[in-house]
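K.L.:
Next input, structure requested:
(2 chains)
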Amino acid sequence: MSEGTLLSARGLNLSFGAIPALVEVDADLWPGEMLAIVGESGSGKTTLLNVLSGKLRPQSGVVWYRDPQGALHDVHAMPAPSLRALHRSDWGFVHQNPRENLRMAVTAGGNVGERLMAQGSRHYGDIRAAAIDWLAQVEIDPARVDDLPRTFSGGMLQRLQIARTLVTHPRLVFMDEPTGGLDVSVQARLLDLIRSLVRRLGIAAVLVTHDLSVARLLAERIMVMQRGVVVEAGLTDQVLDDPRHPYTQLLVSSVLQA
Amino acid sequence: MSAPLLQTEGLGKRFVLHLQGGIELNVLADVDLTVHAGECVALAGPSGAGKSTLLRSLYGNYRADTGRILVRHHGAEIDIVTALPRVVVQVRNETLGYVSQFLRVVPRVAALDIVAEAARGLSREAARAEAAALLHRLNIPARLHALPPATFSGGEQQRINLARGFIGGHPILLLDEPTASLDAANRDVVIGMIREAKARGTAIVGIFHDAIVRDAVADRLYHVTPLQDAA
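P.N.:
Next up is the predicted model:
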């Protein structure tokens, strides 16, 4: 494991039948930085996110996580309850589809407060105040605190998911296409929000996206995947402005100039 | 003379275009450039000679193929060519500033915040005050400060970029055509800002097509020669 990393993966391999999803993948993430994983559908980027976050077990390789006390944990060797506890506290996961993370039959405030309660908060007034504060931070009118998420638009649901994820101040957030499927105007607002929250709270994040401009605006470092292989990695602006691998050159040259 | 802030040794850069049948473009070879504190070096040469490629390589935006790019960062010498990406990020945050020709920012963020975010070592309030002062100096009126610059004119966007580049007070500044879309009055403001930065000891490398600006700020020229002609 490299020095000071929050998360380190070495030699990850995983195939689905004959299809390689991860081939000898290494990855490092340092505290407070954002790493983008880009590539086309089927390149293995979401598989990598799921393996890094312990949701999916690799056929070989290891993922290390360093806890706040500095102790290292082999993510795939952790007992299931410890991994679940990690996902409730130090880690957060933002899905492309917010409905996978939110409880649609619980109010907006309840969705945010639930994660605090799972961490042991019990004071109703404090939890409600924190929920209202977080709704405001993600630019949802606090007057909607008692409304059900099904009355929210797609962009609001995504922001609610982000509030629910960040309320416990995780050190590491995994994001799977967080701006996918949203209108362009809503995307811009969400990008701004994610960027400022991550920066202000000093959160580290792994961001999966197929959108190179999202990677450029949010992430300092980037990994480009093709058929399970990391074909190029480095500083985001360097990889996108001076791509070396034929696949990266193809990706960059295929983007429409707005 | 004191140790240089920026120095290249045998710097070379070529591009391999895999989508065009693997064509190789050799752009830079054997670039030896040395810049000291308080000095401004203007890159000279015909269009297409590789001036922008050199400037981008110095910033680590392009990856040099050969040679070294040594930057004095907190007293230590860092080679931008071989430094780990996260080290390059630190060098850019604290030592090496860059003003590009194009403004690339998250949509929806106000001009003032874009500039204030680039300040270093200031409180939020102080950074915003400093940003406002710089924008006023560059003749961006207060009514525009709260607006995202996406709808601004080319010259206004360039001045936002300049304010963002200068507010950090980096010891080394790279300037790519900083006055390209500016009128004479604003050009003179930029000349003043560059001179003040030099007086503070900033080392500057720039591309200045405008001869008035070049003559006003550059201490010497570094000639970038097209490689096909040189061969």
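K.L.:
Could you tell me the end-to-end distance of stretch B:212-226?
P.N.:
24 Å (CA to CA, to the nearest Å).
K.L.:
Name the residues of that stretch that come out as buried.
P.N.:
B:V213, B:R214, B:A216, B:V217, B:A218, B:Y222, B:V224 (16 or more other CB atoms under 10 Å in any protein chain shown). (Each C-beta comes from the backbone N, C-alpha and C, glycine too.)
K.L.:
swap in stretch A:92-104?
P.N.:
Buried, per 16+ other CB under 10 Å, within stretch A:92-104: A:G92, A:F93, A:V94, A:H95, A:Q96, A:P98, A:N101, A:L102.
K.L.:
next one: stretch B:122-131
P.N.:
B:A127, B:R128, B:E130, B:A131.
K.L.:
hmm, which two among those are most spread apart?
P.N.:
The largest distance within those, taken as CB to CB, falls between B:R128 and B:E130 and amounts to 7.3 Å.
K.L.:
Quickly list what's touching both of these two.
P.N.:
When contacts are counted by CB atoms under 8 Å, 6 or more residues apart in numbering or on different chains, B:R128 and B:E130 are jointly contacted by B:A116.
K.L.:
what's the weakest-modelled helix or strand in chain B?
P.N.:
Each helix and strand of chain B was given a mean pLDDT (mean pLDDT, DSSP states H and E); the minimum falls on helix B:227-230 at a mean of 60.
K.L.:
same check, this time on chain A
P.N.:
Least confident helix or strand, chain A: helix A:184-201 with a mean of 82, by mean pLDDT, DSSP H and E.
K.L.:
neighbouring contacts of it?
P.N.:
For helix A:184-201, with CB under 8 Å, 6+ apart as the criterion, the contacting residues are A:34, A:137-139, A:153-155, A:158-159, A:162, A:166, A:169, A:173, A:175, A:178-179, A:182, A:203, A:205, A:214, A:217-218, B:106-109.
K.L.:
The same query, at a cut-off of 6 Å, please.
P.N.:
Helix A:184-201 is contacted from outside by A:G155, A:T179, A:A205, A:L217, A:L218, B:V106, B:P107, B:R108, B:V109, using CB atoms under 6 Å, 6 or more residues apart in numbering or on different chains.
K.L.:
I'd like those as JSON lines, with neighbour count and distance to A:R122 appended.
P.N.:
Shown next, in JSON lines, are these (neighbours: other CB atoms under 10 Å in any protein chain shown; distance: CB to CB, whole Å):
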{"residue": "A:G155", "neighbour count": "20", "distance to A:R122": "32"}
{"residue": "A:T179", "neighbour count": "23", "distance to A:R122": "35"}
{"residue": "A:A205", "neighbour count": "23", "distance to A:R122": "29"}
{"residue": "A:L217", "neighbour count": "19", "distance to A:R122": "39"}
{"residue": "A:L218", "neighbour count": "24", "distance to A:R122": "35"}
{"residue": "B:V106", "neighbour count": "19", "distance to A:R122": "38"}
{"residue": "B:P107", "neighbour count": "15", "distance to A:R122": "41"}
{"residue": "B:R108", "neighbour count": "14", "distance to A:R122": "38"}
{"residue": "B:V109", "neighbour count": "18", "distance to A:R122": "38"}
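K.L.:
Which residues of chain A lie near chain B?
P.N.:
A:188-189, A:191-192, A:195, A:217, A:220-221, A:234-235, A:237-238, A:241-242, A:246, A:249 (CB under 6 Å from any CB of the partner chain).
K.L.:
Drop anything exposed from those residues.
P.N.:
By 16+ other CB under 10 Å, those give A:188-189, A:191-192, A:195, A:217, A:220-221, A:234-235, A:237-238, A:242, A:246, A:249 as buried.
K.L.:
Between which two of those residues is the distance greatest?
P.N.:
Of all pairs drawn from these, the one with the largest separation by CB to CB is A:R189 and A:P246; the distance is 35.4 Å.
K.L.:
still on that earlier bit, I'd like to know which of the buried residues of stretch A:92-104 are part of strands.
P.N.:
A:G92, A:F93, A:V94 (DSSP state E).
K.L.:
picking that back up, specify which member of the buried residues of stretch A:92-104 is nearest to B:S2.
P.N.:
Once CB to CB is applied, the member of the buried residues of stretch A:92-104 that ends up nearest B:S2 is A:G92, at 48.3 Å.
K.L.:
If you count neighbours, what's buried in the helix or strand harbouring B:G165?
P.N.:
Element membership of B:G165 [criterion: DSSP states H and E] is helix B:154-167. Residues of helix B:154-167 classed as buried by neighbour count (16+ other CB under 10 Å): B:155-167.
K.L.:
Got the domain ranges for chain A?
P.N.:
According to the domain assignment given by automatic domain parsing, chain A is divided into the following structural domains: A:1-90+A:170-258, A:102-168.
K.L.:
Show the average pLDDT along the last one.
P.N.:
By that I understand domain A:102-168. When pLDDT is averaged along domain A:102-168, the result is 92.
K.L.:
again with stretch B:108-115
P.N.:
The average pLDDT for stretch B:108-115 rounds to 92.
K.L.:
Grab the longest strand from chain B for me.
P.N.:
Longest among the strand segments of chain B by residue count, using DSSP E, is strand B:6-17.
K.L.:
Pull the residues that contact that one.
P.N.:
Outside strand B:6-17, the residues within contact range by CB under 6 Å, 6+ apart are B:23-31, B:33-35, B:53, B:57, B:64-71, B:172, B:203.
K.L.:
Can you say which of these are buried?
P.N.:
For the contacts of strand B:6-17, a burial check counting by 16+ other CB under 10 Å picks out B:26-29, B:31, B:33-35, B:53, B:57, B:64-65, B:67, B:69-71, B:172, B:203.
K.L.:
nearest to A:D133, of the buried residues of stretch A:92-104?
P.N.:
Checking the buried residues of stretch A:92-104 against A:D133 by CB to CB gives A:G92 as the nearest, at 17.0 Å.
K.L.:
Might you report the residue contacts of the closest one?
P.N.:
Applying CB under 6 Å, 6+ apart, we find A:G92 in contact with A:T165, A:P170, A:V173.
K.L.:
The longest strand of chain B: partners in the sheet, and parallel or antiparallel?
P.N.:
On the basis of DSSP bridges, the sheet neighbours of strand B:6-17 come out as strand B:23-31 (antiparallel), strand B:34-35 (antiparallel), strand B:66-73 (antiparallel).
K.L.:
Sort out which residues of that strand are buried, please.
P.N.:
Result for strand B:6-17 [16+ other CB under 10 Å]: buried residues B:L6, B:Q7, B:T8, B:E9, B:L11, B:G12, B:K13, B:F15.
K.L.:
hang on, the earlier thing: next, give me the two most distant ones among the residues of chain A next to chain B.
P.N.:
The distance between the two most remote of those (CB to CB) is 35.4 Å, for A:R189 and A:P246.
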